[in-house]
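**Student:** next one to model:
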Amino acid sequence: MATLTQKQNAPKKVFAFRWSGVNRKGQKVSGELQADSINTVKAELRKQGVNVTRVSKKSQGLFSKGGARIKPMDIAIVSRQITTMLSAGVPLVQSLQIIARSHEKAAMRELMGQIAADVETGTPMSDALRRHPRHFDALYCDLVEAGEQSGALETIYDRIATYREKSEALKSKIKKAMFYPAMVILVAIVVTSILLLFVIPQFEDIFKSFGAELPIFTQFVIGISRFMQNWWYVIFGGIGLGIFLYVRAWRASQKVKDNTDKFILTIPVVGMILHKAAMARFARTLSTTFSAGIPLVDALISAAGASGNYVYRTAVMAIRNEVVAGMQINVAMRTVDLFPDR
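**Tutor:** Now for the predicted structure:
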């Protein structure tokens with residue numbers, strides 16, 4: 001019986017359908033509709049007085065924008081749309097249904113359609129979101145739950161939307177800041193390789209014509225050039241293999257990820273950028289969760305997860321443990337020696 005109930009309450013997938021027919025005035029009409037089946041499309045159009053002549057499921061092209069995957073920025077935009085509609089007095093279920101019908105991405109239409117169906121059957125919004133952890137993390141769901149419990153979902157969603165928008169803006173700034181040093185390193189490697197493989201050999205013939213003994217450093221550079229000319233395929237193949245093995249290890253081992261997080265914080269320029277980014281995430285997450293009425297101890301757990309770095313995640317959890325033990329948060333933050341005094 002329980003299994004039957006679960007199947008009945010399971011969210012239905014929503015698809016895009018193209019239809020054509022004749023309206024009450026005898027005019028030919030056509031369009032698109034979001035529904036879970038062709039029968040649902042026909043039933044909905046009959047209610048609108050349309051005599052359906054043709055219905056077909058809309059296919060997504062290989063490079064169609066509608067078939068693109070859902071990105072974090074899409075969730076931020078949808079959160080802002082929900083905020084706007086709730087502020088305008090539109091009920092939550094209707095807001096979700098509007099987004100499910102109008103969004104340009106089929107994946108987002110399907111996602112919002114499932115959430116709308118869940119909420120319409122009586123499932124709390126936070127529980128409906130938790131069924132999609134790939135798109136809605138624990139912090140997002142906890143904030144929505146806090147809004148449901150306090151009866152201030154509109155206010156909470158405004159904070160969620162602002163938080164998501166600022167997080168995506170910060171992520172964009174980090175990528176731009178990292179682009180320059182990454183390009184400098186890449187260009188340096190390419191230029192050095194060209195010099196050693198093609199330019200130095202030309203100078204070697206000139207040096208030999210002098211008949212004099214070359215300085216030690218010049219001999220060293222020429223030696224490296226000869227080595228690269230003879231073994232370039234081994235060098236570049238080894239680098240490629242090393243990158244491949246590292247990526248596999250990084251995906252398979254949490255320890256490798258943690259050690260990588262530690263290492264990148266020590267890199268000049270890059271480390272400084274990531275330090276500031278982690279502190280910004282910590283401060284923004286703690287501010288958003290605490291102001292939403294989430295207890296400080298739970299807010300610190302959310303802030304630890306949102307920090308984006310193992311070093312900061314461990315430090316924030318250590319702060320949380322000290323706060324649980326009765327220590328003031330400002331004193332606990334000084335004990336981890338990561339956050340500036342000012």
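
**Student:** can you list the buried residues in the host helix or strand of residue 316?
**Tutor:** Assigned by DSSP states H and E, residue 316 belongs to helix 310-324. The neighbour-count check on helix 310-324 (16 or more other C-beta atoms under 10 Å) flags 310-320, 322-323 as buried. C-beta here means a position set from N, CA and C on the backbone, and glycine is covered the same way.

**Student:** could you name the helices and strands sitting against that helix?
**Tutor:** helix 254-264, helix 270-291, helix 296-306, helix 329-335 (3 or more C-beta pairs under 8 Å, 6 or more residues apart in numbering; DSSP states H and E).

**Student:** so what's the model's average confidence on the longest one?
**Tutor:** The predicted model assigns helix 270-291 a mean pLDDT of 89.

**Student:** same check, this time on stretch 176-193
**Tutor:** Stretch 176-193 comes out at a mean pLDDT of 89.

**Student:** picking that back up, list of residues touching the helix holding residue 316?
**Tutor:** 257-258, 261-262, 265, 278-279, 282, 296-297, 300-301, 303-305, 307, 329, 331-333, 335-336, 338 (C-beta atoms under 8 Å, 6 or more residues apart in numbering).

**Student:** is residue 179 in a helix, a strand, or coil?
**Tutor:** With DSSP: H, G, I helix; E, B strand; the rest coil as the basis, residue 179 sits in helix.

**Student:** what number of residues lie near it?
**Tutor:** 10 (other C-beta atoms under 10 Å).

**Student:** shaky segments in this structure?
**Tutor:** 1-16, 34, 58-68, 211-212, 342 (pLDDT under 70).

**Student:** repeat the analysis, applying 80 as the threshold.
**Tutor:** 1-18, 25, 27, 29-37, 44, 47-48, 57-68, 203-215, 341-342 (pLDDT under 80).

**Student:** strands of that one, residue ranges please.
**Tutor:** 15-22, 28-35, 51-57 (DSSP state E).

**Student:** deepest-packed of those, please.
**Tutor:** strand 15-22 (a mean of 18; mean count of other C-beta atoms under 10 Å).

**Student:** so which elements touch it?
**Tutor:** Looks like strand 15-22 contacts strand 28-35, helix 38-47, strand 51-57, helix 106-120 (3+ C-beta pairs under 8 Å, 6+ apart).

**Student:** can you lay out those as TSV showing distance to residue 243?
**Tutor:** TSV is the format used below for these (distance: least, C-beta to C-beta, whole Å):
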stretch	distance to residue 243
strand 28-35	43
helix 38-47	49
strand 51-57	42
helix 106-120	31
